[in-house]
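Visitor: here's my sequence, what's the structure:
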Amino acid sequence: MTDQAQIQHPQAHPPIGSPFGIIAGGGSLPFAVADSLQARGIKPVLFALKGFCDPALVARFQHHWIPIGQFGRLLKLMRSENCRDLTFIGTLVRPAISEIRLDWATLRVMPKVFRAFRGGDDHLLTSISRLFEHEGFRLLGIKDVASDVLMPAGSVTRAVPDQDAEADIARGREVLRALSPFDIGQATVVIDGHVVGIEDIEGTDGLLARVALLREQGRIRAKAGRGVLVKAPKSGQDLRFDLPTLGPRTIERAAAAKLAGVAIVAGNTIVAEPQQMIVAADAAGLFVTGLPT
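Guide: Predicted structure coming up:
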């Protein structure tokens, strides 16, 4: 697709309350969601996680700073702002419990928090969400709040997958489906039918950096411009949280790994800075395509 001004998305959303709470981690996505809400006349209130949320960008919105582990303070602030509907969005490195400054409300639910930490990211986020729901809040996913930040179906770049890339995509989806019960990661790299990497705690950036290093070391002998990064939510994952994310940095790292392109599940993948992502992919000759669910 050439000369594309913007990605087109369905605009229908279910009714949500205003003000709307956004528990905001790192990156640009919390602000993209806040802008989307404002454009529809819904007031966003950001509860910015200290050490993760961008101080300069959050200043544009009504916001409060909150350290991780201050569950009671967060509940009090959300109630004072009359935010009954909320979502989690943004990057966050899983903290060690010993590093968290706990308030009294958090200490009261610590047995549940300990159980939440004993598992993968999906288990952790779903368990934490139940704590909020128990307090009377409604947790919504990005699909319900700002579907305009989700990947549409089909290719959004000039390049499109060829037959070999389609075969790699199919293999990648098989691998991710098979790994889903282990709650490990949401991405894999397949080159000429060979699974050369799987996302783990290092994330997608780390996976792509590892593939680039393997190419430099001659451990991957396939020619440049072959292979696909495939990303998809885990089967059975709570789709309100931790959807796969794609953005310009992913494209830069996929290009450094000398792949042919990126394939992600449409409607269940968040796109950060979509226009910059498309420009970066076209400049690198990579395809970016949205797969059917």
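Visitor: buried sites along stretch 60-78?
Guide: For stretch 60-78, a neighbour-count test (16 or more other Cβ atoms under 10 Å) marks 61, 63-66, 68-75, 77-78 as buried. Bear in mind the C-beta positions are built from the backbone N, C-alpha and C, glycine included.
Visitor: start and end of that stretch, how far apart?
Guide: Distance between the boundary residues of stretch 60-78 (Cα to Cα, to the nearest Å) amounts to 18 Å.
Visitor: return the distance of that stretch from the chain's centre.
Guide: Between the centre of stretch 60-78 and the centre of its chain there are 22 Å (Cα atoms, centre = their mean, to the nearest Å).
Visitor: ok, stretch 139-146 next?
Guide: Put simply, stretch 139-146 sits 13 Å off its chain's centre (Cα atoms, centre = their mean).
Visitor: picking that back up, nearest to G141 among the buried residues of stretch 60-78?
Guide: M78 (17.7 Å; Cβ to Cβ).
Visitor: you'd agree that closest one is in a helix?
Guide: Yes. The assignment for M78 by DSSP: H, G, I helix; E, B strand; the rest coil puts it in a helix.
Visitor: excluding sequence neighbours, find me the nearest residue to it.
Guide: G21 (5.3 Å; Cβ to Cβ, 6 or more residues apart in numbering).
Visitor: mean confidence for the helix or strand harbouring the one you found?
Guide: With secondary structure defined by DSSP states H and E, G21 is part of strand 20-24. For strand 20-24, the mean per-residue pLDDT is 94.
Visitor: check which helices and strands that strand sits against.
Guide: Judged by 3 or more Cβ pairs under 8 Å, 6 or more residues apart in numbering; DSSP states H and E, strand 20-24 is in contact with helix 29-39, strand 44-49, strand 85-89.
Visitor: take the ones you listed and lay them out in CSV including mean pLDDT.
Guide: Listed next are these as CSV, based on pLDDT from 0 to 100:
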stretch, mean pLDDT
helix 29-39, 92
strand 44-49, 95
strand 85-89, 90
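Visitor: good, we can wrap up now.
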